[in-house]
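predicted model, plus sequence, below.
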Amino acid sequence: MHEPTADSLIGQPVDALPTPALVVESEALEHNLALLATYFASRPAKLRPHFKSHKCVTLARHQLEAGSAVGITCAKLAEAEALVAGGIRDVLIANQVVGPAKARRLAALNRSAAVRSAVDSLVNLAELGEAATAAGVTIGVLIEIDIGMHRCGVPPGEPVLALASRIRETPGLRLDGLQAYEGHLVTHPDPQERRAKVAKAMEPVQTTARLLQDAGFSCEIVSGGGTGTYDITGNLEPFTEIQAGSYALMDCSYKKVSPMFRNALFILATVISSHQHFVVADVGLKGMGNEFGLPVIAGAPRAKPRCIAEEHLPIDDLPASVGRKIRIIPSHGCTTCNLHRTMWVAHRDILVDFWPIEGSGALE
Ligand SMILES: Cc1ncc(COP(=O)(O)O)c(C=O)c1O
């Protein structure tokens with residue numbers, strides 16, 4: 001007997017998939033995309049969905065088609081290359097693209113698409129400017145401000161003005177605005193406190209945008225925000241776009257912060273060993289991210305994953321015999337998608353499509 005081909009699985013029940021498999025439930029996905037598209041339809045700020053959460057170009061296209069989106073955010077140059085190869089024409093790399101070789105690749109992308117990058121150093125401006133000039137393109141950049149996450153970015157105010165002046169003097173570069181990401185606050189557990197802390201953290205962004213404008217610099221784009229803060233940062237001046245990513249597929253940890261979105265993503269797994277008080281499923285760290293804790297088993301609230309090993313997931317209190325298929329909602333959707341090459345799409349338990357995860361493993 002031959003293994004089933006991907007095409008032959010279309011129209012089959014989800015349980016027909018070889019496991020472990022990454023599956024997206026289409027109604028939940030559509031709910032999530034429509035919720036944010038509708039939210040931003042009547043607001044000045046728009047969406048720039050983050051590709052790093054699913055790394056699937058077809059899904060990125062669906063996010064643009066859902067409406068209220070100005071383009072796609074991504075984390076890595078290699079993700080931007082996958083997006084442009086897939087026909088996406090407006091991309092923001094929300095990170096610094098550093099080194100002459102990567103600068104040349106970024107410049108090359110700008111021959112056929114608008115691919116902007118975040119910047120926070122003079123040395124990087126020089127590299128990008130040189131590569132852009134050699135390629136005969138202009139690269140649009142956003143100055144990243146550190147508003148308390150202490151990852152990348154310069155402090156607000158004068159340091160931003162200094163970078164802006166250098167951008168103006170650098171042939172091949174164009175200052176398009178600012179990036180400020182409140183990653184230390186997006187999953188703050190108390191919604192009221194989250195709101196107050198984000199509003200406070202973003203005050204310097206407003207002051208800095210004014211400083212830039214008063215000094216005659218353009219600040220058309222101000223980008224930031226995530227799934228847990230779309231309804232906070234998305235209503236704050238001067239933000240023009242929100243980089244939410246997790247909202248599309250969700251996971252079991254983000255669901256506690258943003259319950260309005262549905263869990264669209266699950267890993268289909270098989271019980272490979274069954275004991276009196278526990279069973280073992282055939283997926284572990286190589287098929288599922290776990291930075292935010294243990295996963296949950298869909299439809300089995302009493303089941304308790306005990307730990308997660310390389311290829312095994314022992315689960316207490318799940319009565320199931322060997323061979324049974326189970327659905328596991330990971331604690332972190334973004335790192336889970338990065339481990340898979342195919343996203344299966346299911347509608348009411350029937351497989352209706354499969355999408356390549358082009359950005360899987362795109363680390364450069
Ligand atoms: C720069 C940046 N923007 C936005 C996000 C938003 O992601 P999420 O929607 O998962 O909160 C992230 C997440 O890590 C990020 O790094």
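Here it is on my side, so go on. Numbering: from 1, shown residues only.

enumerate every residue touching the residue in the stretch 101-250 of the chain positioned nearest to the ligand.
Residue nearest to the ligand within the stretch 101-250 of the chain: residue 226 (2.6 Å; C-beta to the nearest ligand atom). C-beta: built from backbone N, CA, C; applies to glycine. Counting by C-beta atoms under 8 Å, 6 or more residues apart in numbering, residue 226 makes contact with 50, 181-183, 186, 233, 242-246.

using a markdown table, lay out the residues you listed together with secondary structure, distance to residue 160 and neighbour count.
Putting these into a markdown table (DSSP: H, G, I helix; E, B strand; the rest coil; distance: C-beta to C-beta, whole Å; neighbours: other C-beta atoms under 10 Å) gives the following:
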| residue | secondary structure | distance to residue 160 | neighbour count |
| --- | --- | --- | --- |
| 50 | strand | 23 | 27 |
| 181 | coil | 15 | 25 |
| 182 | coil | 17 | 23 |
| 183 | coil | 19 | 15 |
| 186 | coil | 22 | 24 |
| 233 | helix | 18 | 29 |
| 242 | strand | 21 | 32 |
| 243 | coil | 19 | 27 |
| 244 | coil | 24 | 28 |
| 245 | coil | 25 | 24 |
| 246 | coil | 28 | 27 |
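
as CSV, those with distance to the ligand and pLDDT would be great.
Formatted as CSV, the contacts of residue 226 follow (distance: C-beta to the nearest ligand atom, whole Å; pLDDT from 0 to 100):
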residue, distance to the ligand, pLDDT
50, 5, 98
181, 4, 98
182, 9, 98
183, 6, 97
186, 4, 97
233, 10, 98
242, 8, 98
243, 4, 98
244, 4, 98
245, 4, 98
246, 3, 98
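
what segments of this structure are helices?
Along the chain, counting by DSSP state H, helices occupy 6-9, 26-41, 57-66, 77-85, 100-109, 122-135, 158-169, 191-214, 230-233, 254-257, 333-337.

run the chain-centre distance for the second one.
Relative to the centre of its chain, helix 26-41 is centred 15 Å away, using C-alpha atoms, centre = their mean, to the nearest Å.

tilt between that helix and helix 57-66?
Helix 26-41 runs at 40 degrees relative to helix 57-66, counting by axes from the mean of the first three to the mean of the last three C-alpha atoms, to 10 degrees.

avg pLDDT for helix 26-41?
Across helix 26-41, the average pLDDT comes to 98.

now for that helix, which elements pack on it?
Judged by 3 or more C-beta pairs under 8 Å, 6 or more residues apart in numbering; DSSP states H and E, the packing partners of helix 26-41 are strand 46-47, helix 57-66, helix 230-233, strand 342-347.

Serialize the ones you listed to JSON lines and add fields for distance to residue 175.
Listed next are the helices and strands packed on helix 26-41 as JSON lines, based on distance: least, C-beta to C-beta, whole Å:
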{"stretch": "strand 46-47", "distance to residue 175": "20"}
{"stretch": "helix 57-66", "distance to residue 175": "25"}
{"stretch": "helix 230-233", "distance to residue 175": "21"}
{"stretch": "strand 342-347", "distance to residue 175": "36"}
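
what residues does this protein have near the ligand?
Selection of the chain residues close to the ligand by C-beta under 6 Å from any ligand atom yields 50, 53, 94, 181, 183, 186, 226-228, 243-247.

want to throw the residues you listed into TSV with distance to residue 285?
Converted to TSV, the residues of the chain next to the ligand look like this (distance: C-beta to C-beta, whole Å):
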residue	distance to residue 285
50	23
53	19
94	26
181	27
183	23
186	24
226	25
227	24
228	25
243	27
244	26
245	22
246	20
247	25
